[in-house]
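[1] sequence first, predicted model second:
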Amino acid sequence: MDPMIGAATQASAPSGNLVKDGDIQSFATDVIEASRQRPIIIDFWADWCGPCKQLMPALEAAVKQAAGAVALVKINADQNQQLCTQLQVQSLPTVLAFWQGQPVDGFQGAVPPSEINAFIERLKKVSGGTGNDPIAGALDKADELLAANQTMEAAQLFQQILTHENTNLRALIGLAEASLALGEPDQAKQILDTIDSKAAAEAKLTERLKKIETAIELLEQAENAGDATTLEAAVEADPLNHQARFDLALARQASGDMAGAAEALLAIIMREREWNEDGARSQLLKLFDAAGPTDPFTLKYRRRLSSILFS
């Protein structure tokens with residue numbers, strides 16, 4: 001393991017999870033000291049406060065989405081009235097942000113997610129983009145390893161990150177991607193079961209999550225794929241045997257021949273667009289999802305599909 005990566009994850013250990021409960025006793029450690037590494041957001045709330053219950057889930061999701069750039073400390077105002085007095089908290093919910101031991105921003109009331117995201121973006125700028133959090137650097141490194149097909153090293157780093165921030169969405173998605181690449185779809189599926197897909201609001205994370213889900217679905221389909229040679233013979237004998245052609249697409253997909261699978265599906269669409277409740281087009285769209293919207297395969301066959309549908 002790269003010693004720089006190890007140092008990064010070790011340095012993050014004191015920060016704990018991105019979201020935690022706090023009080024006046026832990027304030028110095030959880031907020032003042034922790035804000036030396038990254039901005040710390042404080043959410044003052046109470047059980048009786050309806051707007052607090054609206055704000056808190058959205059705030060937690062946005063903090064997790066920020067992938068370590070900020071952290072959240074939730075403080076029950078009723079149980080910490082002295083602290084509220086010291087920080088001049090006069091209504092609930094009140095959200096404050098600390099950086100380098102000092103308050104730098106804040107807001108009151110249950111604001112919409114767009115305002116929460118703008119608030120966090122301001123904090124990123126104040127702290128230089130990442131909040132000097134080593135987790136962010138480790139995530140970037142893990143993604144680089146994954147892109148370079150150094151899958152085992154990437155998986156190990158994602159796992160290290162998760163020992164410190166076990167709900168980090170980017171690390172969970174990265175580990176699921178690595179598991180798939182290592183031929184462990186069951187493990188990838190178990191990881192997905194721990195992820196709240198609604199929390200992955202960032203477009204890139206949503207796209208990565210969709211690719212994993214679709215790839216697992218395609219692998220499950222491949223388990224029931226027939227013999228390609230037999231199916232090719234059946235299609236040659238009867239070009240209108242759409243089920244055989246569809247099964248041929250699955251067989252080619254199972255062998256990794258995505259282009260061949262796409263050709264078979266397009267052939268069905270050309271002959272009978274609505275066959276099996278638009279099943280061929282739906283399957284082709286799954287191949288696009290698995291490859292990603294900017295992959296050359298997707299771009300090529302999406303153009304082919306459009307030319308057939310709009311001809």
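    Cool, got the structure. Numbering: from 1, shown residues only.

[2] in the stretch 201-311 of the chain, what spans have low per-residue confidence?
    Low-confidence segments of the stretch 201-311 of the chain, defined by pLDDT under 70: 201-203.

[3] what residues of stretch 282-291 count as buried?
    Buried residues in stretch 282-291, defined by neighbour count with 16 or more other C-beta atoms under 10 Å: 283-291. No exception for glycine: its C-beta is placed from N, CA and C like everyone else's.

[4] domains in the protein, as residue ranges please.
    With domains defined by automatic domain parsing, the chain comprises 8-126, 134-213, 228-309.

[5] TSV for the ones you listed, including distance to residue 220?
    Output for the domains of the chain, formatted as TSV (distance: least, C-beta to C-beta, whole Å):
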stretch	distance to residue 220
domain 8-126	29
domain 134-213	8
domain 228-309	11
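
[6] figure out which of these is closest to residue 222.
    The closest of the domains of the chain to residue 222 is domain 228-309. By C-beta to C-beta, the value is 3.5 Å.

[7] on that earlier part again, in helices only, show me the buried residues of stretch 282-291.
    283-291 (DSSP state H).

[8] and which of those is nearest to residue 273?
    Checking those one by one against residue 273 (C-beta to C-beta), the nearest turns out to be residue 284, at 11.7 Å.

[9] neighbours of the residue nearest to that closest one when sequence neighbours are not counted, how many?
    Leaving aside its sequence neighbours, residue 284 sits nearest to residue 265 (C-beta to C-beta, 6 or more residues apart in numbering; 4.5 Å). For residue 265, the count of nearby residues is 28 (other C-beta atoms under 10 Å).

[10] verify the contact between residue 265 and residue 285 for me.
    No: counting by C-beta atoms under 8 Å, residue 265 stays clear of residue 285, with 9.6 Å between them.

[11] tell me which element the residue nearest to residue 284 falls in.
    Here residue 265 sits within helix 258-271, counting by DSSP states H and E.

[12] how about residue 20?
    Element membership for residue 20, per DSSP H and E: strand 19-22.

[13] how about residue 291, what does it touch?
    211, 258, 297-298 (C-beta atoms under 8 Å, 6 or more residues apart in numbering).

[14] restricted to buried residues, select these in PyMOL.
    The command below creates a PyMOL selection of those among the contacts of residue 291 that count as buried (16+ other C-beta under 10 Å):
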select buried, resi 211+258+298
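
[15] ok, residue 110 touching residue 54?
    Yes: contact criterion C-beta under 8 Å: residue 110 and residue 54 qualify, at 4.3 Å.

[16] quick one, which of those two is more surrounded?
    Taking neighbours as other C-beta under 10 Å, residue 110 and residue 54 compare with residue 110 leading, 19 against 15.

[17] chain neighbours aside, what residue packs nearest to the more buried one?
    Excluding the flanking residues, the one nearest residue 110 by C-beta to C-beta, 6+ apart is residue 51, at 3.8 Å.

[18] distance check, residue 128 against residue 53.
    As defined by C-beta to C-beta, to the nearest Å, residue 128 lies at a distance of 33 Å from residue 53.

[19] compare these two and say which is more crowded by neighbours.
    Comparing residue 128 with residue 53 by other C-beta under 10 Å, the one with more neighbours is residue 53, at 14 against 11.

[20] per-residue pLDDT of that one, please?
    Listed pLDDT for residue 53 reads 95.

[21] double-check that it belongs to a helix.
    Yes: the assignment for residue 53 is a helix, going by DSSP: H, G, I helix; E, B strand; the rest coil.

[22] measure it to residue 59 for me?
    Using C-beta to C-beta, residue 53 is found at 11 Å from residue 59.

[23] mind listing the strands for the stretch 151-300 of the chain?
    Taking DSSP state E, counting those that start in this stretch to define them, one finds no strands in the stretch 151-300 of the chain.
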